[in-house]
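Trainee: Provide a 3D model corresponding to the input given below.
(4 chains)
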2 protein chains.
Amino acid sequence: MSDQPPRMSDPPQMSLADIAKASGVSLATASRALNDAYGVAASTRQRVLDIARQLDYVVSPDAARLAGGATRRVALVVPHIERWFFGELVSGLEHELSAAGLDVLLYHVGDAEDRAEFFAELPARRKVDAVVVLALPVGESERLRLELMGVTIVAAGGQSAAYPYVRIDDEVAARQAVDHLLRLGHTRIGMISAADPDQPGWPSLPGRSQGYYAALAAAGITLDERLVITVDWGGTSGADAMARLLSLPTPPTAVYAHSDEVALGAMRTIRRAGLRIPEDISIVGIDDHPLADLVDLTTVHQPVREQGITAARMLLGLLRGDTDVDQAVTLPTYLVPRRTTAAAPGRL
Amino acid sequence: MSDQPPRMSDPPQMSLADIAKASGVSLATASRALNDAYGVAASTRQRVLDIARQLDYVVSPDAARLAGGATRRVALVVPHIERWFFGELVSGLEHELSAAGLDVLLYHVGDAEDRAEFFAELPARRKVDAVVVLALPVGESERLRLELMGVTIVAAGGQSAAYPYVRIDDEVAARQAVDHLLRLGHTRIGMISAADPDQPGWPSLPGRSQGYYAALAAAGITLDERLVITVDWGGTSGADAMARLLSLPTPPTAVYAHSDEVALGAMRTIRRAGLRIPEDISIVGIDDHPLADLVDLTTVHQPVREQGITAARMLLGLLRGDTDVDQAVTLPTYLVPRRTTAAAPGRL
DNA sequence: CTGTTAGCGCGTTCAT
DNA sequence: ATGAACGCGCTAACAG
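Mentor: A predicted model of the protein is given here:
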């Protein structure tokens, strides 16, 4: 029942007028103080701020917005919130954004249809000051629509359109994975590529395919197209893809998967086929999913939460009008060797 | 205030007044029609609705709220958005809520500190019509704070305080897991319990411990307390706990873990110790995490996304003022036997 | 059934 | 540096 000593505040309704009166200033001055605007004596501002905090006052975003101010809201547009990668990204973004006093609106856009609807509806109502697009390609018309409404946009966990972005270099990550296999002496390396749900057959992360091609080319290995399989994202698909790889006349001695989840599926297929990892077949993924550590999967680590945090800070800077914000950040990735990769059979 | 350079003077922004005029009715009537209120001729309502849709008009939540209406926003208070369980729950909630035209605000409260702050400041105050608390125990003092917001509250993925809830029965799930082990002839069954981060040493899901105790008791097995280990949630902790279990004079022949993630960690320890699963040790988890299937982990399935969907519908009903909404829903769980459990050693 | 009117809480010109 | 007044877009009484 009894709360903390000094933190007693339950007036459900408390308006700017209240704190203005309590501070002995006018509404306008109180407003300016809270908004960090020009033309307020430092001492006055401080007094208002103190009173406001003491009274546990928060401006009503609704009223603020209506009066022409900012909404203090940011929309996160995310394709698959149930996947670890996006959860982690959202976690980082939310942390920074809410610390800055911004509210986070979550919009889950699964397929292209959801997306079209989102971009059609959101701008019309000016519900937010900014939009963070998570690893989602944004079309040109969608971009214009948003731009027109004057909302700031940032891409996190991937690059899209011409927005400021925070990402990793997928091609580099792919090369780190494949080069590792190459170094171990593998020459017959399969790739299980994760497809874009909206564009089956095409990798959703093209860089992760390009890195594979580049690595093979650099090693002077001619591509065997039968070794490349593109499937839906997810473990089950990975398992199926691996089965196809194993049924080849000459199966690969190593497999590179676009993601750890896919790699895990492949591992199950390999083991069920009675083959050993890494003695018979090596496998490497990308992401460094927390479970990768638990299954001893060799993978390429990418800093996911940090991408979210960085994107949030970038956005905050943009919103603040800073002129020196770096609008193109690529975070580093690195190989994490574990127990699913070893020298090619008969080569040690 | 600091917008993009060019101030667009072409805001396709239209108001209720516009659609009222276009429909040849008054503001009030238009409002009533849009809000599905009583006392509007069906024909009039239809006309207004048609015009509104045709003009791609959406009411401004800000103005609506300010004028005393609903915000059409719901807050999701979630502890660990990066974990699969919560992502899935959020996904289900978001889907239903946004389908009903509600916006979703995300409040991530990680540790006890976040939580204290959340409940102290109630950032969601006056911003939402309802809040959904995700698998988060709400204390009495916190409950009072929440109540202060004067909004509808629902608990999803767990029960908390006296709010309407959707959950599974953790004790039943635990019994399904442990009974399975018992049926296989195991008598020495260890438990790796996942602790509440805020209250180390105590299981965050007490029912999952109680089910274990109940199952053993029902089987007439006296509890060996050394077989129960409580660790932080997560795979690494599971691995550590398993190591302790293995170092016992007489290690268990089977292990029941509070979650699949924990079970995965335990599996790694078992395998690294040179023991075979399930020949030497059986292991079972709870959740049916998508990766459980990929590692052939026996577990108890719980419908996570469905809990989110159900909670959302419950909330919608409450908001709508329905009188016949079921405010206490417990969804069923079931055992999914896979390859990590087998008859007790020397008993087949 | 429908129209009129009065704010909701705040940012913003204008004044001073 | 500060204050007074206006209006953002909408819902909620009240009339009619």
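
Trainee: got a list of what A:S23 touches?
Mentor: A:S23 is in contact with A:A30, A:T44, A:R47, A:V48, A:I51, counting by C-beta atoms under 8 Å, 6 or more residues apart in numbering or on different chains. Every C-beta, even on glycine, is put in place using the N, C-alpha and C of the backbone.

Trainee: Ramachandran coordinates for it?
Mentor: Main-chain dihedrals, A:S23, degrees, to the nearest 10: phi -90, psi -10.

Trainee: pLDDT wise, what is the residue in the stretch 201-348 of chain A that DNA strand D sits nearest to at?
Mentor: Closest residue of the stretch 201-348 of chain A to DNA strand D, C-beta to the nearest atom of the strand: A:G321 (19.5 Å). Listed pLDDT for A:G321 reads 86.

Trainee: ok, now A:A215?
Mentor: 98.

Trainee: Then the one 5 residues further on?
Mentor: Turning to A:G220, the model gives it a pLDDT of 97.

Trainee: do the same with A:A124
Mentor: Confidence score, pLDDT, at A:A124: 64.

Trainee: sorry, back to before: how much space between the residue of the stretch 201-348 of chain A closest to DNA strand D and chain B?
Mentor: Using C-beta to the nearest C-beta, to the nearest Å, A:G321 is found at 4 Å from chain B.

Trainee: State the phi and psi torsions of the spatially closest residue to A:E96 that is not a sequence neighbour.
Mentor: Closest residue to A:E96 apart from its sequence neighbours, by C-beta to C-beta, 6 or more residues apart in numbering or on different chains: A:A312 at 3.4 Å. In terms of degrees, to the nearest 10, the main-chain angles of A:A312 are phi -60, psi -40.

Trainee: Now do the contacts for A:A312.
Mentor: A:G92, A:L93, A:H95, A:E96, A:L97, A:A100, A:V132.

Trainee: What remains of those residues if I keep only buried residues?
Mentor: Neighbour counting with 16 or more other C-beta atoms under 10 Å in any protein chain shown marks A:G92, A:L93, A:H95, A:E96, A:L97, A:V132 as buried within the contacts of A:A312.

Trainee: A:A22: what's its closest spatial neighbour, skipping adjacent residues?
Mentor: Leaving aside its sequence neighbours, A:A22 sits nearest to A:I51 (C-beta to C-beta, 6+ apart; 5.0 Å).

Trainee: burial count for A:H301?
Mentor: The number of residues packed near A:H301 is 18, by other C-beta atoms under 10 Å in any protein chain shown.

Trainee: Now do the contacts for it.
Mentor: So A:H301 contacts A:D287, A:D288, A:T333, A:Y334, A:L335, A:V336 (C-beta under 8 Å, 6+ apart).

Trainee: Let me know the closest of the residues you listed to A:A177.
Mentor: A:L335 (7.0 Å; C-beta to C-beta).

Trainee: Just the element for the closest one, please.
Mentor: Taking DSSP states H and E as the definition, A:L335 sits inside strand A:334-336.

Trainee: Please apply the same query to A:L105.
Mentor: In this assignment (DSSP H and E), A:L105 forms part of strand A:103-108.

Trainee: Residues in contact with that strand: which ones?
Mentor: Here strand A:103-108 makes contact (C-beta under 8 Å, 6+ apart) with A:61, A:72-79, A:81, A:90, A:93-94, A:97-98, A:114, A:118, A:122, A:127-128, B:76, B:90-91, B:94-95, B:98, B:103-107, B:123-124, B:127.

Trainee: Give the buried residues for the strand or helix carrying A:A292.
Mentor: In this assignment (DSSP H and E), A:A292 forms part of helix A:290-294. Neighbour-count burial for helix A:290-294 flags A:P290, A:L291, A:A292, A:D293, A:L294 (criterion: 16+ other C-beta under 10 Å).

Trainee: How about stretch A:23-41?
Mentor: Buried-residue list, stretch A:23-41, by 16+ other C-beta under 10 Å: A:S23, A:V25, A:T29, A:A30, A:S31, A:R32, A:A33, A:L34, A:V40.

Trainee: For A:V255, which three-state class applies?
Mentor: What DSSP: H, G, I helix; E, B strand; the rest coil gives for A:V255 is strand.

Trainee: which stretches of chain A form helices?
Mentor: For chain A, the helices defined by DSSP state H occupy A:16-23, A:27-34, A:42-54, A:61-66, A:84-99, A:112-125, A:140-148, A:170-183, A:206-218, A:235-246, A:260-272, A:290-294, A:304-320.

Trainee: want to throw the ones you listed into CSV with distance to B:S247?
Mentor: Formatted as CSV, the helices of chain A follow (distance: least, C-beta to C-beta, whole Å):
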stretch, distance to B:S247
helix A:16-23, 61
helix A:27-34, 59
helix A:42-54, 53
helix A:61-66, 56
helix A:84-99, 31
helix A:112-125, 51
helix A:140-148, 58
helix A:170-183, 35
helix A:206-218, 42
helix A:235-246, 33
helix A:260-272, 28
helix A:290-294, 20
helix A:304-320, 34
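
Trainee: B:L227 is nearest to which of those helices?
Mentor: helix A:290-294 (22.0 Å).

Trainee: Could you pull up the mean pLDDT of the strand holding A:L105?
Mentor: 94.

Trainee: can you check stretch A:66-74 too?
Mentor: Looking at stretch A:66-74 alone, the average pLDDT works out to 88.
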